[in-house]
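**Q** Got a predicted model here, sequence first, then my questions.
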Amino acid sequence: MAGVMHTTQHDRPETNVRVGRRALLVYPEFPEDSYLNFGPMHRLLMPLNRHGFPKTMMPPLGLICILGPIRERYGQDRVRLIDMNIQPLRREDLEWADDVYIGGMLTQCVSYDMVASQAKALGKTTIGGGPYADADHEHLDHVFINESEYTLGPFLDDLFAGVAQRVYEGRRPEPEDFFHPDFSALELSNYSSMAIQFSRGCPHDCEFCDITSRFGRKMRTRDVSVFLEELDDLYALGWRGQVFIIDDNFIGKPAAAQELLEALTEWQKSRGYPFEFFTQATVLLAEPRNDALLRAFAPAGFSMIFLGIESPNEESLAETNKLHNLRPGSTLVEKLHRIQEVGEILILGGFVLGFDNDKIDIFDRQIEFIQEIRLPTPTIAMLSPLPETKLEKRLKEESRIVGKVASGHDVTFVPKNLTAHELLAGYKKVLKAVYTDMDGFYARCLGSLKCVRAPRRLFNEGEFLAVFRLLYHEGVRGQRRWAFWKYFGRMVLQHPTKLPYGLRWAAYGMHYRLLTERLTAPVADPVPAMPPVVDQGSVLPPAIDQRPAATEVVA
């Protein structure tokens, strides 16, 4: 690739922190219409922080992983981190910095672009990474492609010497070289869960997924002792609660996963189970050969697991090379029920609409399937040709890409057996059926409560406040209050020890319902303009009190 830096450690210039540069690391905001933005729900149920922002779900793991090397080069007091989901990014923040580092997910692209353009307009050096960054980004001076463990050091050498290249394309690091997160850089109370990583890669090769293109099919797993040391760091900082092990396929290397689960069980027991884990895996957990692995999750303190289910349409699963969902021996429904019941765990399922083999009946089939497998909060998306995937390559060759992937609510390709209008309308139909039919939603919650193992603790002081606020918003103000109280009564009578889970799912259901009602409304809610930092000495994006409050969409 043109512009890739090829210098070696021996011919890089010597540098030191006295150069006086200052670095600002920015995590862009999740858009208001993203199901990943739980801010509106947190605003309703929890106190705001000192910036007037609600909690957000996850910390910027990628940025806190590169904090160490960057602080070593710039100096401890010359590096700042701003997560725009829990605090404002102001003009003075950008003016303070010499170099602005930006990292985030594809769904954060609008905020990502705005940060980069405003920093560039102020004359700052802009450095971007993550799946959205590419060599053609007009507002980025320097771009990291792929993993940065082996390119960040050389880049910093070059930057301080004034010879930094445009593109730094990384190769896959060995697990012992993975960056370590600096959790001490976070104000932990701003987050409802923490994030940590055990492995990278996935042995499968699904056409629409970008994991194998970015991280490879060879599983790279960290040493269990190193992983436990990072958990110790979190524990020592006082964190108690949910921890997301962000691996794209936690069981991609079953023996390593089994070893970690056994170690986690002992670690949790010795500390009174301070953490509640959740992660991502595949339906291969249901196979008899993985029985011991499946049964090890609950004792280790796992309450949820995300599975890429995708579709009840077997032709579509075969089309996208999701062959492990089609293995003989039992149906997909039977596999999912086995994971729920034997694993005593909640399934968070991912579903995709718009495969070439999907026809007009797929929407009703998805609705029926989700209800049958009792998933309270499935993730439903339209097919998107993500960058660097085999799907993107194929659709480009077929001249079927018509837009840039920027949101989960746009059709960016030409479907085969559906029109774009049918796909978008069907997508909204599934969302409405799954998230605004509260009788169906609560039935799925009760079905899952039968399976999950009861939590080892009830509520802490902060969670009691969230419970009272949930009861008020759903049980007093909500138009579906009778359905809520019916669910609440059955939950108390049938599953009293599982109340924390049942109420959490009800809160998630409120989040999904409110956003779905906005997305499927006949006339979309107006999106407030985002004032530029350069022209106004204001916040980027608008301060939280300038945005539509989540309470405005509560019936």
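**A** Okay, I see it.
**Q** Which positions in the one helix or strand residue 371 maps to come out as buried?
**A** Residue 371 belongs to helix 362-372 when assigned by DSSP states H and E. Neighbour-count burial for helix 362-372, with 16 or more other CB atoms under 10 Å as criterion, is recorded at 362-363, 366-367, 369-371. Quick note: C-beta positions are derived from backbone N, CA and C, even for glycine.
**Q** list the helices and strands it packs on?
**A** strand 346-353, helix 420-435, helix 438-449 (3 or more CB pairs under 8 Å, 6 or more residues apart in numbering; DSSP states H and E).
**Q** out of these, nearest to residue 393?
**A** strand 346-353 (17.8 Å; CB to CB).
**Q** Need the helices and strands packed on helix 362-372 in JSON lines (columns: mean neighbour count, distance to residue 191 and mean pLDDT).
**A** Output for the helices and strands packed on helix 362-372, formatted as JSON lines (neighbours: other CB atoms under 10 Å; distance: least, CB to CB, whole Å; pLDDT from 0 to 100):
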{"stretch": "strand 346-353", "mean neighbour count": "22", "distance to residue 191": "18", "mean pLDDT": "96"}
{"stretch": "helix 420-435", "mean neighbour count": "19", "distance to residue 191": "24", "mean pLDDT": "97"}
{"stretch": "helix 438-449", "mean neighbour count": "20", "distance to residue 191": "24", "mean pLDDT": "96"}
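**Q** one step back: tell me the one among the buried residues of helix 362-372 nearest to residue 421.
**A** Nearest member of the buried residues of helix 362-372 to residue 421, counting by CB to CB, is residue 363, at 13.0 Å.
**Q** For the protein, which helix extends over the most residues?
**A** helix 499-519 (DSSP state H).
**Q** Domain-wise, how is the protein divided?
**A** 9-48+58-169, 192-369 (automatic domain parsing).
**Q** And those: which comes nearest residue 521?
**A** For the domains of the chain, proximity to residue 521 was assessed by CB to CB; domain 9-48+58-169 is nearest, at 11.4 Å.
**Q** before we move on, the earlier item: TSV please, covering the helices and strands packed on helix 362-372 and showing distance to residue 45.
**A** TSV is the format used below for the helices and strands packed on helix 362-372 (distance: least, CB to CB, whole Å):
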stretch	distance to residue 45
strand 346-353	20
helix 420-435	18
helix 438-449	17
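**Q** before we move on, the earlier item: just so I know, which of the domains of the chain lies nearest residue 388?
**A** Closest approach to residue 388 among the domains of the chain is made by domain 192-369 (4.3 Å; CB to CB).
**Q** chain center to the closest one: distance?
**A** 14 Å (CA atoms, centre = their mean, to the nearest Å).
**Q** What is the end-to-end distance of that domain?
**A** Using CA to CA, to the nearest Å, the end-to-end distance of domain 192-369 comes to 30 Å.
**Q** counting contacts, what elements does the strand or helix carrying residue 127 pack onto?
**A** Using DSSP H and E, residue 127 sits within strand 125-129. Using 3+ CB pairs under 8 Å, 6+ apart, the elements in contact with strand 125-129 are strand 99-103, helix 109-121, strand 142-145.
**Q** how about 10 Å then?
**A** Where contact means 3 or more CB pairs under 10 Å, 6 or more residues apart in numbering; DSSP states H and E, strand 125-129 is packed against strand 23-27, helix 61-74, strand 99-103, helix 109-121, strand 142-145, helix 152-161.
**Q** If you compare the directions of that strand and strand 99-103, what angle comes out?
**A** 20 degrees (axes from the mean of the first three to the mean of the last three CA atoms, to 10 degrees).
**Q** mean confidence for strand 125-129?
**A** For strand 125-129, mean pLDDT is 97.
**Q** Could you tell me the angle between it and strand 23-27?
**A** Using the same axes, to 10 degrees, strand 125-129 lies at 40 degrees relative to strand 23-27.
**Q** Paired strands for strand 125-129, with orientation please.
**A** When pairing is defined by DSSP bridges, strand 125-129 lines up against strand 99-103 (parallel), strand 142-145 (parallel).
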